[in-house]
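*Asks:* could you look at this predicted model? Sequence included:
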Amino acid sequence: MTRRVRVAEEIKEQILYGLPHSLYTGIARSYLRTQGIPFREVSSHHPDFARHIKPIIQRSIVPVLVTPAGEIIQDSLDIIDHFEQKQPRYPAYPDTPLQRILAVLIQYYGSQSLLRHAMHYRWSYLEQQQNFLYDAFSNGAPPGVAETLMQRMQSYLPGLGVTADSIPQIEASYHELLAVLNRHFSEHPFVFGGRPSVADYGLIGPLFAHLGRDPAPAGVMKREAPRVYRWVERMLAPGLDAVEFPDYGTAWIAEDAIPETLKALLHLMARDMLPELTDKLAYLDAWVSEHQPADGEAVSAKPHQRMIGQVHTHFRGVPVTAGVEPYLLYILRRATAVLADLNETDRQRVSTALTQVGLLEAVPQPSSYSVGRRNHIEVWERQ
């Protein structure tokens, strides 16, 4: 059952609780603007968040959307899916199976794998952008909160695999990503054609909030990849804002095709994302086998804890340690479902295409368990 908050009858817009510099708030904000959905953004430092929202969602996390009816929707992915059920102006899931699966994989890559890049460029370059970040973290917050939050965020770097050994590879990966995306957005306004998909929304989180907004990485983006920076602007504007593509239209790329410019991104994803993802999926299999969680059981002992362990893995050949969040299955199960529902001919075609770009193993195999959400908390779901 969905819990609701009491709202005034005259409120006709959505209320989005978040922060301007929040990666995941940026995803929800971009979607709402693109779709022309009226909303008012309120800082999560506002007293109403602690008074009315946090007791229901059981943790301090953003974004959180409150509908005019008082329904609470927590998580950028759930906010998107909530409105996708209402026939939005520009549906965000491609119609064809290969593009739909790849959109989910890119969504995961952007919102999860690129967190390492985002956090590195925000906190490893703190000296160069301290005034900017302090203003962001202190704006609207009680005294002393900014210092505490900033120190906590910096402390996360080793657990995200950001170390002296991995930093050169992280930066090389970022420069390569910018080059690949710059070529693609020179020919296409969005990842899969004429309107944003969940792939675009997954990428905009890190590529705006950290990498396109913080001074140090934003400068790199502007100098090296102006078409990527323009795509960031496009994703933040109302509607589509594709003035550079006047005759492109709003359709997906036809016939489930994947252009060469996009294949370059997919190969980069396979190189940078797949080794770590494979290790995390193996960890989850072993953890579930050992603990045998019941259907509906919370994935962690406390609502604010999202990691259940760590894996020793590699990023571009460099050993790193990474936290394992069952939430990754909450994202990727959408790709699993698409592939499983295809007839044999289409499944073979899509599997072959995924193999060619190195990403078939990124789609989790159907299993006896998955991860869902009940009462705003991630839970194990037995199949």
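*Replies:* Perfect, I can see it now.
*Asks:* so who does E171 touch?
*Replies:* H120 (CB atoms under 8 Å, 6 or more residues apart in numbering). Glycine gets a C-beta too; all of them are placed from N, C-alpha and C.
*Asks:* now it: which helix or strand?
*Replies:* E171 is part of helix 167-187, with elements assigned from DSSP states H and E.
*Asks:* buried set for that helix?
*Replies:* 169-171, 173-174, 177-178, 180-185 (16 or more other CB atoms under 10 Å).
*Asks:* which residues in the stretch 201-350 of the chain form strands?
*Replies:* 309-315, 318-324 (DSSP state E, counting those that start in this stretch).
*Asks:* from the chain's centroid, how far away is the first one?
*Replies:* The offset between the C-alpha centroid of strand 309-315 and the centroid of the whole chain comes to 20 Å, using CA atoms, centre = their mean, to the nearest Å.
*Asks:* would you mind measuring from H184 to P94?
*Replies:* Here H184 is placed at a distance of 16 Å from P94 (CB to CB, to the nearest Å).
*Asks:* just A179 next, same as before
*Replies:* Counting by CB to CB, the gap from A179 to P94 is 25 Å.
*Asks:* do the same with L236
*Replies:* 22 Å.
*Asks:* who has more neighbours, the two?
*Replies:* P94 (24 against 17; other CB atoms under 10 Å).
*Asks:* so which residue is smack in the middle of the chain?
*Replies:* S111 (2.3 Å; CA atoms, centre = their mean).
*Asks:* that residue falls within a strand, correct?
*Replies:* No - judged by DSSP: H, G, I helix; E, B strand; the rest coil, S111 forms no part of a strand; its state is helix.
*Asks:* tell me who's in contact with it.
*Replies:* Taking CB under 8 Å, 6+ apart as the definition, contacts of S111 comprise 23-24, 27, 76-77, 202, 205-206, 331.
*Asks:* can you pick the most crowded of the residues you listed?
*Replies:* I27 (31 neighbours).
*Asks:* what about that residue, which SS state?
*Replies:* helix.
*Asks:* how about it: what's its closest non-neighbour residue?
*Replies:* S76 (3.9 Å; CB to CB, 6 or more residues apart in numbering).
*Asks:* tell me who's in contact with the one you found.
*Replies:* With CB under 8 Å, 6+ apart, S76 has these contacts: 24-25, 27-28, 31, 63, 111, 201, 205.
*Asks:* ok, P319 next?
*Replies:* Here P319 is in contact with 165, 312-313 (CB under 8 Å, 6+ apart).
*Asks:* one more: Y369?
*Replies:* Counting by CB under 8 Å, 6+ apart, Y369 has contacts 288, 293, 380-383.
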